[in-house]
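K.L.:
fold the following.
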Amino acid sequence: MSQQRISTRKRSREDGFTLAEVLVSIVILTVGLLGVAALVSSAVLVGTQAKYMNIANVLASEKLDNLNKWPSFVDSNGNVSSDPNVAPGGSLTGPANCAAGDTYCDQVTVSQITGANYETQTQDVNGVPVTTTIVHTSSGCVDTPANCGVPNPTAAGSEFTRRWMITSDPTIVSAGGVAKTVKGGRRITVVVTLVNQGNQRPVKFQMSMVRP
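P.N.:
Sure, this is the predicted structure:
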């Protein structure tokens with residue numbers, strides 16, 4: 001009798017999994033795969049946003065560096081003089097694209113082909129949109145495509161709107177909490193926003209500096 005029970009139990013184990021066990025296994029596997037897919041999708045989105053934020057950071061730094069080159073000073077009578085390029089004005093808010101006549105805003109399209117990164121800027125100059133393209137090649141050439149011997153950009157690229165606001169005589173607060181007005185100085189703030197975001201998370205980067 002004992003041998004018969006052991007034989008029956010052994011045959012039952014050799015019959016394989018039941019339908020219920022298979023279904024439970026499929027459900028567990030499906031849940032796991034969905035979790036992995038969601039994790040991969042999230043990682044891709046975060047990585048893409050980080051790439052755009054890095055580009056926005058570079059564009060903001062580039063504009064600050066450019067505006068920092070123009071002189072402003074206080075004459076012997078205490079009057080503030082400055083180059084028109086750093087005259088107080090501008091706004092950090094506005095439509096998705098630069099409005100006509102806004103000289104404190106430009107559109108920047110960043111694109112690339114093999115061995116070359118392009119930056120195309122369009123800005124209003126005295127009521128006329130002026131577009132310039134600068135390329136940075138893998139060989140180290142930074143100039144217009146013609147001067148670097150490469151074709152003009154053909155890809156649509158990523159479009160950014162770059163706005164800046166300039167205020168005069170800014171007040172700064174020292175580490176000790178003491179407020180001081182920088183006579184003749186300028187506070188320049190730049191905001192860069194990704195225009196063609198699509199399903200991408202919003203990308204907006206702001207940077208500012210105070211200069212004499």
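K.L.:
contacts only, for the closest residue to residue 63 other than its chain neighbours.
P.N.:
In this structure, residue 63 finds its nearest non-sequential neighbour in residue 190, 4.9 Å apart by Cβ to Cβ, 6 or more residues apart in numbering. (Each C-beta comes from the backbone N, C-alpha and C, glycine too.) By Cβ atoms under 8 Å, 6 or more residues apart in numbering, the contact set of residue 190 is 60, 63-64, 162-164, 206-208.
K.L.:
my guess is residue 194 contacts residue 162. True?
P.N.:
No: with contacts counted by Cβ atoms under 8 Å, residue 194 stays clear of residue 162, the gap being 10.7 Å.
K.L.:
low pLDDT regions in this protein?
P.N.:
Residue ranges of the chain with pLDDT under 70: 1-17, 37-46, 72-81, 199.
K.L.:
can you show me the helices along it?
P.N.:
Counting by DSSP state H, one finds helices in the chain at the ranges 2-14, 19-67, 145-148.
K.L.:
so how far is the second one off the chain centroid?
P.N.:
Just to be clear, that refers to helix 19-67. Remark: helix 19-67 is offset 16 Å from the chain centroid, using Cα atoms, centre = their mean, to the nearest Å.
K.L.:
packing partners of that helix?
P.N.:
strand 105-113, strand 158-168, strand 186-194, strand 204-211 (3 or more Cβ pairs under 8 Å, 6 or more residues apart in numbering; DSSP states H and E).
K.L.:
contacts for the first one?
P.N.:
With Cβ under 8 Å, 6+ apart as the test, strand 105-113 has contacts from 55, 59, 90, 94, 97-99, 117-124, 150-151, 153-164, 192, 195.
K.L.:
residues of stretch 119-129 that come out buried?
P.N.:
For stretch 119-129, the neighbour count (16 or more other Cβ atoms under 10 Å) marks 119-124 as buried.
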